[in-house]
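Enquirer: What follows is a predicted protein model with its sequence.
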Amino acid sequence: MAHVKPFKAIRPTRDKASFVASRSYQEYSKDELKSQLKYNPFSFLHIINPGYKFHESIAGKERFKLVYNRYLEFLEDNIFQKDEEASFYLYQISKGKFKTLGLFCACSVLDYQNDVIKKHEDTIQHREELFADYLNTVGFNAEPVLMTYAENESVSKLLKKETEQEPQYNFTTTDKISHKLWKIADKQAIDKLQSEFSKIDALYIADGHHRSASSNLLAEKMKSEHKSHTGKEAYNYFMTYLIPESEIRIYEFNRMVKDLNGYTKNEFLIKLDTYFRIEKKDDGLYKPTQKHHFSMYLDGEFYSLYLRKKVYQFTDALSELDTQILYKTILEPVLGIHDLRNDKRISYGYGKHNVIGMKDAIDNGKFAVGFSLVPININEIKAIADAGLVMPPKSTYIEPKLRSGLAIYEF
């Protein structure tokens, strides 16, 4: 049973929403970031990059305090406003044929603890603690955890009905993505949505494992510090964006390794022959087309690698995952990559043109070999999460990527 809760969002005024909304900080190039901070005084980037005001780069807990100060200034200058009634917020993102309609809401840390909210990625403790400290200092969450759920016709009908109303926000950003947001404040509509979600057995984290883990860590800390704790306090929830699983887009990460771990090219190919049927490809860029099929770029040439299924043993959902197969058959035993998250010899790429980028990086001598995979699908993610297993890092690149600043959750 999934618990979803409306909340009183802090939001930009309607006339400034398009200026406030920002992509993730990491997605901006240095020039883009500089331009946004210089020419757009309403950008949410001013809040998360508070040192710009002082022409300094500020990190650590001092930065957290300044983030809070910039946030207060946005409230004081009426760039942000606080809704008077607890609401759900329906948010639609569309570009070309890709469209997603989801719900901003608050989800329960108890659901996270009780495995109603399911995870498929591991988290790093010091990152959990750092972000929990950040949340504790600033007192708000502006980046929702992206979660998905099984197709539900009743929920879809309720949400579609809400889109017949005039949206609070309706704008298009310079990357040609359309954004619409509706506020759902009607108690009857809220009750219906809560009732329907209570019939859903599980929610799956698609993006935001560290954010959800940090919110849980903070809730436990706050609980220990508040003798009058009831479980209903705002810190017992965290902001999420819920969409049906059919509206998730999953892309692959390729893998690039800087050297062949001391092997010559022929020695390396012979090692790979244990687990794969290897075929050289002469028709330009080559990508894999199915599960357990990989492409490799080595010394100016593409190869197809077909897994020898009689040699490799499938034991559980994780063992069937292509990223795990690549790790267990090549990256760890042959190339000596044991720590996929921290080993500096391995790097990752994603996106529609990642094969071109991989080829160019290897041709330029930055890496020795690269591997491409087919994208993991939502059923594989769910199987891993349901089994309580953890994917290798950089197994999925998931869209939609949400704008920051359109809805903020205070606790």
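Expert: Nice, I can see it.
Enquirer: where in the stretch 251-400 of the chain is pLDDT low?
Expert: Residue ranges of the stretch 251-400 of the chain with pLDDT under 70: 351-353.
Enquirer: just the helices in it please.
Expert: Counting by DSSP state H, counting those that start in this stretch, one finds helices in the stretch 251-400 of the chain at the ranges 265-272, 322-326, 354-363, 378-386.
Enquirer: wait, which of those helices is closest to residue 180?
Expert: For residue 180, the closest of the helices of the stretch 251-400 of the chain is helix 378-386, at 24.4 Å, according to CB to CB. For every residue, glycine as well, the C-beta is placed using N, CA and C.
Enquirer: helices or strands up against that closest one?
Expert: strand 117-118, strand 203-207 (3 or more CB pairs under 8 Å, 6 or more residues apart in numbering; DSSP states H and E).
Enquirer: Can you lay out the ones you listed as TSV showing distance to residue 383 and mean neighbour count?
Expert: Formatted as TSV, these follow (distance: least, CB to CB, whole Å; neighbours: other CB atoms under 10 Å):
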stretch	distance to residue 383	mean neighbour count
strand 117-118	11	22
strand 203-207	11	23
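Enquirer: okay, these in TSV with distance to residue 266 next?
Expert: Output for those, formatted as TSV (distance: least, CB to CB, whole Å):
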stretch	distance to residue 266
strand 117-118	45
strand 203-207	41
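Enquirer: Comparing the helices of the stretch 251-400 of the chain, which comes out most buried?
Expert: helix 322-326 (a mean of 22; mean count of other CB atoms under 10 Å).
Enquirer: just how off-centre is it within its chain?
Expert: Between the centre of helix 322-326 and the centre of its chain there are 20 Å (CA atoms, centre = their mean, to the nearest Å).
Enquirer: which residues are in contact with it?
Expert: The contact list for helix 322-326 (CB atoms under 8 Å, 6 or more residues apart in numbering) reads 253, 255, 291-292, 294, 307, 312, 318-319, 371, 373-374, 376, 391-392, 394-395.
Enquirer: Quick check: PyMOL command selecting the buried ones in those residues.
Expert: Buried residues among the contacts of helix 322-326 (16 or more other CB atoms under 10 Å), as a PyMOL selection:
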select buried, resi 253+255+292+294+307+312+318+371+373+374+376+391+392+394+395
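Enquirer: Compare the helices and strands packed on helix 378-386 and give me the one nearest residue 347.
Expert: Minimum separation from residue 347 across the helices and strands packed on helix 378-386 (CB to CB) falls at strand 203-207, 20.4 Å.
Enquirer: partners of that closest one, with directions?
Expert: Sheet pairing for strand 203-207, assigned by DSSP bridges, gives strand 117-118 (parallel), strand 145-149 (antiparallel).
Enquirer: Outside of whichever helix or strand comes after the longest one itself, list whatever touches it.
Expert: Scanning forward in sequence from strand 145-149, with DSSP states H and E defining helices and strands, the next element found is helix 153-162. Surrounding helix 153-162, the residues in contact under the criterion CB under 8 Å, 6+ apart are 90, 101, 103, 149, 182, 184, 189, 192, 193, 196, 197, 244.
Enquirer: For helix 153-162, what is the distance to the chain centroid?
Expert: Taking CA atoms, centre = their mean, the mean C-alpha location of helix 153-162 is offset from the chain mean by 25 Å.
Enquirer: what does stretch 392-400 give?
Expert: On CA atoms, centre = their mean, the centre of stretch 392-400 falls 7 Å from the chain's centre.
Enquirer: For it, give me every contacting residue.
Expert: 93, 98, 100, 102, 121-122, 146, 206-207, 243, 247-253, 255, 321, 323-324, 327, 340-341, 348, 350-351, 375-376, 381.
Enquirer: and those, which are buried?
Expert: Here, 16+ other CB under 10 Å leaves 93, 100, 102, 121, 146, 206-207, 243, 247-248, 250, 252-253, 255, 321, 323-324, 327, 340, 348, 375-376, 381 buried among the contacts of stretch 392-400.
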